[in-house]
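Asks: here is the input, now give the coordinates:
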Amino acid sequence: MPRKIAKPDPQRQLMIKVKACQRLVKEATYYEQEVKENEAILQQMKDDNKDPYDIKKFQEVLGESHMMIPDSISRRDKTLDDLKEFVALLRKEFEEEGNSDLMGCGWMVEATSILGEDEGSGGAKKEGGQNGGGGHGDVAVTTVDGLAEGEAF
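Replies: Modelled structure (predicted):
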């Protein structure tokens, strides 16, 4: 007996997208923090005149951490854009159908928090704005275009 193709549950889809955004925002922040910590450790190793081989290997580790930042930021931004589009689609459906259960659910509140939107407005705040709250909704974007090779930011 063939199964009926069921319409995907929008609340479940929203939950998955919100959790993915939370994880990727946390991951990007972690990599940036890891680079700062490793730079301090590397500087301490140089100041203590540690073995040059150890310093070289730690520089390789630091380089790998640096390479992970752009990748994690691009994945985070792609997922945030996907969430923003999905929330806009749900709002459009809400206006047409009036499904208030989904618009008032906790995942919608979490999604608007991540996107930095006010509950009543449809526009998102600019990413990389004030990074004061420390919550997962604060997304900081660091540009490194003007830095010279090897220069710290």
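
Asks: so residue 91 touches residue 103, yeah?
Replies: Yes: in this structure, residue 91 is within contact of residue 103 by C-beta atoms under 8 Å, at 7.5 Å. Every residue, glycine included, has its C-beta placed from N, CA and C.

Asks: overlap of the contact sets of these two?
Replies: Counting by C-beta atoms under 8 Å, 6 or more residues apart in numbering, residue 91 and residue 103 have no common neighbour.

Asks: in stretch 3-19, what's buried?
Replies: 10-11, 14-15, 17-18 (16 or more other C-beta atoms under 10 Å).

Asks: find the nearest non-adjacent residue to residue 68, please.
Replies: residue 31 (5.0 Å; C-beta to C-beta, 6 or more residues apart in numbering).

Asks: quick one: that neighbour from residue 85, how far?
Replies: To residue 85, residue 31 is 25 Å away according to C-beta to C-beta, to the nearest Å.

Asks: neighbour count: the two, which is higher?
Replies: Ranked by neighbour count (other C-beta atoms under 10 Å), residue 31 and residue 85 place residue 31 first, with 19 against 11.

Asks: which pLDDT value belongs to that one?
Replies: Note on residue 31: pLDDT of 93.

Asks: the strand or helix carrying it: which residues count as buried?
Replies: Here residue 31 sits within helix 10-47, counting by DSSP states H and E. Going by neighbour count (16+ other C-beta under 10 Å), the buried part of helix 10-47 is 10-11, 14-15, 17-18, 20-22, 24-25, 27-29, 31-32, 34-35, 38, 42, 45.

Asks: so which elements touch that helix?
Replies: Secondary-structure packing of helix 10-47 (3 or more C-beta pairs under 8 Å, 6 or more residues apart in numbering; DSSP states H and E): helix 52-97, helix 100-103, helix 106-115.

Asks: in CSV: the ones you listed, plus distance to residue 4 and mean pLDDT.
Replies: Listed next are those as CSV, based on distance: least, C-beta to C-beta, whole Å; pLDDT from 0 to 100:
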stretch, distance to residue 4, mean pLDDT
helix 52-97, 21, 90
helix 100-103, 22, 68
helix 106-115, 25, 86
